[in-house]
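Asks: Need the 3D shape of this:
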Amino acid sequence: MENVGTRIAPEQISAWRGWGPIIVFPIVVLIFAPAEWPRWAFMWLLSLVIFAGCKWLTWRRTPVPGAQWWQHAGYLLAWPGLNAGAFLSPDRLPEKDRPLPREWVSAAIKLLVGIALFWVVAGWVSREHRILAGWVGMVGLILMLHFGAFHLLSCAWRSVGVDAQPLMKRPLASVSLSEFWGRRWNTAFRDFTHRFLFRPLNSWLGPRRAIFAGFVFSGIVHDLVISVPAVGGYGWPTLFFGTQAVGMFAERSRAGRAIGLGQGWRGRLFALLTLILPAYGLFHPPFVRNIIVPFMQALGAH
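Replies: Modelled structure (predicted):
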């Protein structure tokens with residue numbers, strides 16, 4: 001079968017190619033999603049179509065000569081990452097870069113811990129403390145998906161030679177906000193925004209404004225999938241990501257470098273505080289009450 005990756009040369013790609021689904025799909029969901037649906041179902045559908053639009057855009061804008069049909073199918077249907085160039089590369093990973101047994105075990109443990117938090121520990125929390133139960137469930141869900149299931153999927157792809165790096169790369173080891181957001185937390189979204197937002201804006205606005213625009217864009221997207229389905233808390237996710245941009249500028253400033261931000265224990269402490277303290281606004285109470293807790297109840301978790 002002819003390789004799909006030979007379809008078009010990079011210089012022939014229109015700047016608008018691939019943008020249709022990421023623009024149209026969310027609008028269709030916002031207009032036509034049945035009003036009687038549970039809010040959590042609406043949230044998951046909206047998140048799915050936004051992700052599908054991002055996935056399609058990266059694929060359409062990344063011709064890779066030599067990629068096999070199964071790589072294209074795997075990238076579109078069986079991998080949550082957004083680095084199409086790496087995944088579709090015809091070059092196989094060397095044996096030294098493939099996962100060792102201990103990495104498989106680590107990913108499986110995180111999956112099991114997430115399951116325990118979501119279906120067991122959250123149930124121990126009194127029904128009078130819905131917000132706390134919802135947060136326990138959210139932590140469990142993130143461990144199950146991003147740290148557990150997606151890591152196992154990364155191990156599976158890398159074991160057959162496909163460059164599918166884990167989306168989460170030990171984020172708690174970060175000594176700065178720059179390291180956390182740029183290298184360790186949800187690299188799929190980082191790859192997407194760096195390619196389609198930061199790089200184009202960098203030449204136009206300069207790096208600082210491009211970074212700030214990237215964080216504001218992230219906030220708007222999170223407001224769309226968090227606040228809109230929850231019917232409340234509007235603007236809080238955007239404020240959270242704006243705070244991250246300000247914190248990053250602070251640690252890169254002359255004063256920030258003088259007091260040791262961006263490195264060592266001071267950098268680690270500053271990054272943790274900047275991430276944790278405003279996180280209540282990212283996953284605000286309307287989202288926890290109206291989306292997370294009903295979703296957990298629908299799955300028998302609380």
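
Asks: residue nearest the centroid of the chain?
Replies: In the chain, the residue lying closest to the centroid (Cα atoms, centre = their mean) is residue 186, at 4.2 Å.

Asks: Who are the contact partners of it?
Replies: 146, 167-168 (Cβ atoms under 8 Å, 6 or more residues apart in numbering). To be clear about C-beta, it is placed using only N, CA and C from the backbone, and glycine gets the same treatment.

Asks: My read is that residue 210 contacts residue 193, right?
Replies: No: counting by Cβ atoms under 8 Å, residue 193 is not a contact partner of residue 210; they are 10.0 Å apart.

Asks: Between the two, tell me which one has more neighbours.
Replies: Taking other Cβ atoms under 10 Å, residue 210 and residue 193 do not tie; residue 193 has more neighbours (21 against 18).

Asks: Output the below-cut-off pLDDT ranges for the stretch 1-150 of the chain.
Replies: Scanning the stretch 1-150 of the chain with the threshold set as pLDDT under 70 gives 1-15.

Asks: Please enumerate the helices of it.
Replies: 20-32, 39-60, 69-77, 84-87, 101-116, 122-124, 130-142, 150-159 (DSSP state H, counting those that start in this stretch).

Asks: closest to residue 281 out of these?
Replies: helix 130-142 (13.1 Å; Cβ to Cβ).

Asks: Could you tell me how far the residue nearest to the centre of the chain is located from residue 285?
Replies: 23 Å (Cβ to Cβ, to the nearest Å).

Asks: What about residue 264, how many residues nearby?
Replies: Neighbours around residue 264, by other Cβ under 10 Å: 11.

Asks: try the one 4 residues further on
Replies: Burial of residue 268, expressed as a neighbour count using other Cβ under 10 Å, amounts to 19.

Asks: surely it meets residue 174?
Replies: Yes: taking Cβ under 8 Å as the definition, residue 268 is a contact partner of residue 174 at 7.1 Å.
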